[in-house]
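Q: what's the 3D shape of this:
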Amino acid sequence: MSSYVPPPPCATNNGLYNCMQPELVAARHRARESMYRYNTFPPTRDGRERREMLAELFCVPVESMPNVYIEPP
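A: Numbers count the residues shown, from 1 in each chain. A predicted model of the protein is given here:
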């Protein structure tokens with residue numbers, strides 16, 4: 001599991017939100033890649049691998065989500 005990376009400050013010097021900050025762009029890209037892997041992963045009986053992927057995406061221990069399941073599209 002990757003370590004939690006806190007979100008960067010999202011305001012520019014003028015106080016407006018800047019969604020194109022490199023850190024935010026990179027975080028969105030990582031999330032899209034993770035969801036692609038999750039959505040295309042073959043089904044398993046116990047779903048452990050998918051729970052591990054979700055735990056990594058949400059930055060929580062996999063043990064904290066024993067009954068979590070999200071049906072891919």
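Q: quickly find the element holding the most centrally placed residue in the chain.
A: Nearest residue to the geometric centre of the chain (Cα atoms, centre = their mean): residue 57, 2.6 Å. Element membership for residue 57 (DSSP states H and E) is helix 48-58.
Q: just give me how far that helix sits from the chain centre.
A: 9 Å (Cα atoms, centre = their mean, to the nearest Å).
Q: again with stretch 25-37
A: 7 Å.
Q: show the average pLDDT along it.
A: The predicted model assigns stretch 25-37 a mean pLDDT of 90.
Q: can you pull the buried residues of it?
A: Neighbour counts over stretch 25-37 (16 or more other Cβ atoms under 10 Å) mark residue 34 as buried. Quick note: C-beta positions are derived from backbone N, CA and C, even for glycine.
Q: stretch 63-73 too?
A: The neighbour-count check on stretch 63-73 (16+ other Cβ under 10 Å) flags nothing as buried.
Q: what packs against the helix holding residue 57?
A: Helix 48-58 sits against helix 22-40, with contacts defined as 3 or more Cβ pairs under 8 Å, 6 or more residues apart in numbering; DSSP states H and E.
Q: contacting residues for residue 69?
A: 47, 50-51 (Cβ atoms under 8 Å, 6 or more residues apart in numbering).
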